[in-house]
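Asks: got a sequence here, can you model it:
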Amino acid sequence: ADLRQMCNRARKRHGLVVREVEDVEDRRRWMEVYDRWLLARPKGREMRLLVGRPGMDEGLGKRYFAALDERTLKVAAAISITPGWNGAGWGVDVMARDPEGPAGAMDLLIAETISVLRDEGRESFSLGASPMAIPAGIEFWGPWHLRRFYKFLFSSSFGRSLFGFHSLFNYKAKFAPAWMPIFLGGWPSLGYWGLYVGARMWGMFGSSR
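Replies: Modelled structure (predicted):
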């Protein structure tokens with residue numbers, strides 16, 4: 001209900017539509033939103049390390065969508081998606097919303113992107129991982145002390161100061177996803193660099209790569 005309300009607000013109140021970004025001018029506007037979003041992040045946190053760059057010049061089969069004002073063509077929210085599941089699905093790569101963009105822009109963008117992919121016959125779409133979250137009904141296969149540690153990071157003020165665990169989980173829960181456990185491992189041992197690489201892979205969702 002909340003998702004439907006936000007999408008209707010974006011469409012009717014703010015006149016937003018969703019389009020796939022293909023030409024040079026649209027891509028320029030897409031990148032401008034990404035840059036404005038990045039600059040609005042807290043200075044002490046280099047969000048680029050977590051979300052990466054959109055990679056428009058790198059190919060890799062990515063696609064780009066934008067929620068924009070139908071009259072002015074100003075982009076309010078932008079998303080890039082990357083293929084997975086051996087071509088049967090897609091997943092979120094980079095999400096960015098204009099700091100001054102209207103509420104509901106990202107909700108509409110994701111919902112419409114999913115609809116486009118569904119109409120193309122795709123079977124799966126991933127919103128990416130929700131770190132440390134263990135939703136009800138999910139079986140946790142790890143040792144008990146690891147589960148308690150995850151719960152501490154997810155619910156404590158210390159954990160929230162490191163990352164917006166709760167807000168990210170609650171946002172993705174609006175789409176009523178099918179939650180699945182994801183574990184990251186390192187070999188032969190898991191050191192600081194392995195943890196860093198793992199953090200950058202939080203969006204991993206089943207790509208054949």
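
Asks: surely W30 and R63 touch.
Replies: No: W30 lies out of contact with R63 (C-beta atoms under 8 Å); the separation is 11.4 Å. C-betas here are computed from N, CA, C, even on glycine.

Asks: least confident secondary structure element in the chain?
Replies: One helix or strand of the chain scores below all others by mean pLDDT, DSSP states H and E: helix 47-51, with a mean of 48.

Asks: the helix or strand just after it pairs with which strands?
Replies: Toward the C-terminal end, the helix or strand that comes next after helix 47-51 (DSSP states H and E) is strand 63-69. Paired neighbours of strand 63-69 in the sheet (DSSP bridges): strand 16-20 (antiparallel), strand 75-84 (antiparallel).

Asks: rank those by mean pLDDT and give me the bottom one.
Replies: Mean pLDDT is lowest for strand 75-84 among the strands paired with strand 63-69, at a mean of 92.

Asks: centre of the chain to that one, how far?
Replies: Distance of strand 75-84 from the chain centroid (C-alpha atoms, centre = their mean, to the nearest Å) equals 8 Å.

Asks: what does stretch 139-151 give?
Replies: 24 Å.

Asks: contacting residues around S155?
Replies: Neighbour list for S155: H166 [criterion: C-beta atoms under 8 Å, 6 or more residues apart in numbering].

Asks: can you check the pLDDT for it?
Replies: Value listed for S155 in the pLDDT field: 83.

Asks: do you know how far it is from A133?
Replies: Taking C-beta to C-beta, to the nearest Å as the measure, S155 and A133 are separated by 10 Å.

Asks: relative to V17, how far out is L38?
Replies: From L38 to V17 the distance is 24 Å (C-beta to C-beta).

Asks: about what we covered before: quick one, which of W30 and R63 is more surrounded?
Replies: W30 (23 against 17; other C-beta atoms under 10 Å).

Asks: could you give me the average pLDDT of the helix or strand containing that one?
Replies: Using DSSP H and E, W30 maps to helix 24-40. Rounded to a whole number, the mean pLDDT of helix 24-40 is 86.
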